[in-house]
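mind looking at a prediction? Sequence and model below.
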Amino acid sequence: MLAKRIIPCLDIKNGQTVKGTNFVNLRQAGDPVELARAYSEQGTDELVFLDITASFEGRKTFVELVKRIAANISIPFTVGGGIHELSDVDRLLSAGADKISVNSAAIRRPELIDEIAKHFGSQVCVLAVDAKLSDKGWWCYLNGGRVETDKELFAWVKEAQERGAGEVLFTSMDHDGVKNGYANEALSAMSETLSIPVIASGGAGKKEHFRDVFMQGKADAALAASVFHFGEIKIPELKSYLCAQGIAMRR
């Protein structure tokens, strides 16, 4: 079994870390640079930075903040939000990002995935997907979960893989911030469909949820925010717990 990854997520709005429930009711969660440094020191495997209102507000990601975070960590660093073209990718990689996450722009123009993979390599391109389950199945949303699209979840992630995406970061909007566990059934189906890694997002509330997302959801990595930001789960303790459950973790 490949080692699983634990990934804190910094959702950024107006330069501050925030966290909500089902993508709304945001509350402050601390200074992103301080949080990033702490996570790096605690043995986190990777860090994700999402400028959650960049696409909705029609602006670019905070490059200066990306630079400050990158200077304070020694772990792989993924940045997303407001990325529309190759020059945006180039600017963020130059600022210290290791990988780039695209969501709304890729749905609007799927060729962006091909372009990033061709110019920078598939390992740089992470497809982020925000989706909801309805009576007609799982459907993708854009602009931070504000707009429903005509993209069916499983068809879209398969297309993204074929276009060159190196990973999929899947957030279940219905599970986001609720802390009742991840969308393991959908994650398992996605992992069976794809040959690239799947990062699970949305639903972490206790250590057992991480165990379940790896064993039942077959995810390659688990992303969480509030349980880490507010000290409800300590990353070193979580990794020890998962190792004791027989799950291979990165050291």
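Cool, got the structure.

CA atoms for contacts and neighbours, from now on please.
OK.

what helix or strand is the nearest residue to residue 33 once chain neighbours are set aside on?
Counting by Cα to Cα, 6 or more residues apart in numbering, residue 69 is the residue found nearest to residue 33 once chain neighbours are left out, at 5.1 Å. Element membership for residue 69, per DSSP states H and E: helix 63-70.

now that helix: buried residues?
Across helix 63-70, burial judged by 16 or more other Cα atoms under 10 Å covers 63, 65, 66, 67, 69, 70.

can you tell me how far the most centrally placed residue in the chain sits from residue 151?
Centre of the chain computed as the mean C-alpha position; nearest residue by Cα atoms, centre = their mean is residue 169, 4.7 Å away. Look at residue 169 and residue 151: by Cα to Cα, to the nearest Å, they are 16 Å apart.

for residue 201, same thing?
19 Å.

quick one, which of these two is more surrounded?
More crowded of residue 201 and residue 151, by other Cα atoms under 10 Å: residue 201, with 31 against 15.

bridged to the closest residue to the more buried one other than its chain neighbours, which residues?
Computed as Cα to Cα, 6+ apart, the closest residue to residue 201 that is not its neighbour in sequence is residue 171, at 4.5 Å. When bridges are called by DSSP bridges, residue 171 pairs up with residue 130, residue 201.

can you pull out the strands in the stretch 1-150 of the chain?
Counting by DSSP state E, counting those that start in this stretch, the stretch 1-150 of the chain has these strands, from start to end: 5-13, 16-21, 24-30, 47-51, 77-80, 99-102, 125-134, 137-142, 147-152.

which residue ranges form the helices in this protein?
Counting by DSSP state H, one finds helices in the chain at the ranges 32-41, 54-57, 63-70, 86-94, 104-108, 111-120, 153-163, 184-193, 207-215, 226-229, 235-244.

give me the distance from the fourth one to the chain's centre.
Averaged C-alpha coordinates place helix 86-94 at 18 Å from its chain's average position (Cα atoms, centre = their mean, to the nearest Å).

by contact count, what packs against it?
Secondary-structure packing of helix 86-94 (3 or more Cα pairs under 8 Å, 6 or more residues apart in numbering; DSSP states H and E): helix 63-70, strand 99-102, helix 111-120.

want to try a markdown table for these, with mean pLDDT as columns?
Putting these into a markdown table (pLDDT from 0 to 100) gives the following:
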| stretch | mean pLDDT |
| --- | --- |
| helix 63-70 | 90 |
| strand 99-102 | 97 |
| helix 111-120 | 98 |
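
make CSV out of these and add distance to residue 162.
Output for the helices and strands packed on helix 86-94, formatted as CSV (distance: least, Cα to Cα, whole Å):
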stretch, distance to residue 162
helix 63-70, 29
strand 99-102, 15
helix 111-120, 9
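
ok, of the helices of the chain, where does mean pLDDT dip lowest?
The minimum mean pLDDT among the helices of the chain belongs to helix 54-57 (a mean of 54).

distance of the residue nearest to residue 33 relative to residue 172?
27 Å.

residue 209 too?
Separation of residue 209 from residue 172 (Cα to Cα) stands at 14 Å.

again with residue 73
28 Å.

try residue 121
In terms of Cα to Cα, residue 121 sits 27 Å off from residue 172.

and what of residue 70?
Separation of residue 70 from residue 172 (Cα to Cα): 28 Å.

how about residue 66?
Look at residue 66 and residue 172: by Cα to Cα, they are 26 Å apart.

same thing with residue 34?
Residue 34 sits 27 Å away from residue 172, going by Cα to Cα.

neighbour-wise, which of those two wins?
Shown here are residue 34 and residue 172; by other Cα under 10 Å, residue 172 has more neighbours (24 against 12).

check contacts around the more buried one.
By Cα atoms under 8 Å, 6 or more residues apart in numbering, residue 172 lies in contact with 130, 131, 132, 182, 183, 201, 202, 203.
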